[in-house]
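K.L.:
Give me a model of this one.
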Amino acid sequence: MSTLYAISGVTGMTGNELVRQILADPDGTDHILGFDNFYASSIDTVSDCIDDPRFEFFEYDLNNDSEMDDFKNRILALKEQYQELIYINCAAVVHTEHFYHVNETFETNVVSMKKFLDQAVSVGAQKYINCSTSEVYSMNSWNEHGGVREDDFLTISDAEHSQRTSYAVGKLLTEFFMKDAVDNGLIKGCSIRFANVYSKNERFPKHIIPFIINSFKENGKVTLLENSRKNRRTFLNNYDSCSAVLALAKTVSSLDGSVYNVATDEEISIIDLAKLCAEKMGIKDPVIEFEGFRASDPERRLLSTEKIRTRTDWKPQVTLEIGLTECIANYLNGQENA
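P.N.:
This is a model prediction of the structure:
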């Protein structure tokens, strides 16, 4: 079946790897229309795909109505040539430093996500994949029985404690939009709550793994938040996050409007993560300092992935050992093109 993909945030960490996986078969007949405004990425992330005629890129902003109208017209001009049309929303205001910017996160993550969903419905797309976040689990984001499940009740902070939570609340609202559209028979789709995703090609060292690697590389030490003395996380390679998106998109029975956790079960403390990075970089006695504190930061984030593993054939392929080795090799070689 030939598929036309419409992907927002296509040069971001999820989007660019999606392009790579969709185009992996040189004889494939799928086609991608993707756009990005380079808010936290670069055209460099898709430099290996940009000349492929099956991929068309547009420097558009999800928040720009006229550009989105043009994108819609381009979809309409092509859709009849393909058997299926799938929308994937990867656009988001991310990175911890932006979590507190309520207006930015609301405009992009909520308002424009809804408009992109409405566009998918209006052009007759069969499927819509909504990329959400495990941030919605907030303070109680783990349990002793394999991690939090999609149907567990949430415990999140409010405005009296942390405006960081506005990011999570916005993403949570998009999940309601997604389910409502499916429940009303407008489209098939689902939402995905990703764990901490990392990539060997991240352009800006703001997520914790590239931050640690870059700090050791540039300064010979790393400064972590005081929270890191206790915090533990699982880390999901973006190869696996994107393969999960495609596995769900190809499994019609899974597109019931519900939510899927996508994560690994390799939990590690932030301090041990820093030490592991240092070891792989040949640093015997790493200097790890602590400064600052982040309010409303969960000590653990452990997600149950039983649901997606049961409903699809997805499972993570890239271990933290392999993923870190790839990240470090890229940074030490000066290839920070995300």
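
K.L.:
Now residue 45: closest residue in space, sequence neighbours ignored.
P.N.:
residue 16 (3.9 Å; C-beta to C-beta, 6 or more residues apart in numbering). For glycine as for every other residue, the C-beta is placed from the backbone atoms N, C-alpha and C.

K.L.:
mean confidence score for the longest helix seen in the chain?
P.N.:
Taking DSSP state H as the criterion, the chain has its longest helix at helix 165-183. Mean pLDDT, helix 165-183: 94.

K.L.:
who does it touch, helix- and strand-wise?
P.N.:
Secondary-structure packing of helix 165-183 (3 or more C-beta pairs under 8 Å, 6 or more residues apart in numbering; DSSP states H and E): helix 102-106, helix 113-122, strand 127-131, strand 188-194, strand 256-262.

K.L.:
and the second one, what other elements does it pack with?
P.N.:
It refers to helix 113-122. So helix 113-122, by 3+ C-beta pairs under 8 Å, 6+ apart, packs with helix 65-78, strand 84-89, strand 127-131, helix 165-183.

K.L.:
what would the ones you listed look like in a markdown table with mean neighbour count and distance to residue 34?
P.N.:
As requested, the helices and strands packed on helix 113-122 are exported to a markdown table (neighbours: other C-beta atoms under 10 Å; distance: least, C-beta to C-beta, whole Å):
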| stretch | mean neighbour count | distance to residue 34 |
| --- | --- | --- |
| helix 65-78 | 14 | 10 |
| strand 84-89 | 24 | 9 |
| strand 127-131 | 26 | 14 |
| helix 165-183 | 20 | 19 |
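
K.L.:
Excluding sequence neighbours, find me the nearest residue to residue 37.
P.N.:
Among residues not flanking residue 37 along the chain, residue 61 sits closest, at 4.0 Å (C-beta to C-beta, 6+ apart).

K.L.:
same check, this time on residue 14
P.N.:
Nearest residue to residue 14, sequence neighbours excluded (C-beta to C-beta, 6+ apart): residue 90, at 4.4 Å.

K.L.:
Then residue 286?
P.N.:
residue 278 (3.5 Å).

K.L.:
Please identify the helix or strand for that neighbour.
P.N.:
helix 270-280 (DSSP states H and E).

K.L.:
hmm, back to that, now name the helix or strand holding the residue nearest to residue 45.
P.N.:
Using DSSP H and E, residue 16 falls in helix 13-22.

K.L.:
Name the residues of the one helix or strand in the chain whose mean pLDDT sits lowest that are buried.
P.N.:
For the chain, counting by mean pLDDT, DSSP states H and E, helix 102-106 ranks last in confidence among helices and strands (a mean of 85). Residues 102, 105, 106 are the ones in helix 102-106 that count as buried (16 or more other C-beta atoms under 10 Å).

K.L.:
how close does the second one get to residue 165?
P.N.:
Pointing back at residue 105 there. For residue 105, the distance to residue 165 equals 11 Å [C-beta to C-beta, to the nearest Å].

K.L.:
So residue 124 is in contact with residue 85, correct?
P.N.:
Yes - in this structure, residue 124 is within contact of residue 85 by C-beta atoms under 8 Å, at 6.8 Å.

K.L.:
what sits in contact with each of those two?
P.N.:
Contact criterion C-beta atoms under 8 Å, 6 or more residues apart in numbering; residues shared by residue 124 and residue 85: residue 79.

K.L.:
Tell me which stretches of the stretch 201-338 of the chain form strands.
P.N.:
Counting by DSSP state E, counting those that start in this stretch, one finds strands in the stretch 201-338 of the chain at the ranges 221-224, 232-233, 235-237, 256-262, 268-269, 287-290, 300-301.

K.L.:
Okay, now the sheet partners of the last one, with direction.
P.N.:
Partner strands for strand 300-301, per DSSP bridges, with pairing direction: strand 232-233 (parallel).

K.L.:
again with the longest one
P.N.:
Strands flanking strand 256-262 in the sheet, each with its direction: strand 188-194 (parallel) (DSSP bridges).

K.L.:
Pull the residues that contact the partner strand.
P.N.:
14, 126-134, 136-137, 150, 174-175, 178-179, 181-182, 236, 241, 244-245, 248, 252, 254-263, 303.

K.L.:
Show me how far that strand is from its chain's centre.
P.N.:
Centroid displacement of strand 188-194 relative to its chain, using C-alpha atoms, centre = their mean, to the nearest Å, is 11 Å.

K.L.:
Pretty sure residue 112 sits against residue 63.
P.N.:
Yes - checked against C-beta under 8 Å, the pair residue 112 and residue 63 is within contact range at 5.1 Å.
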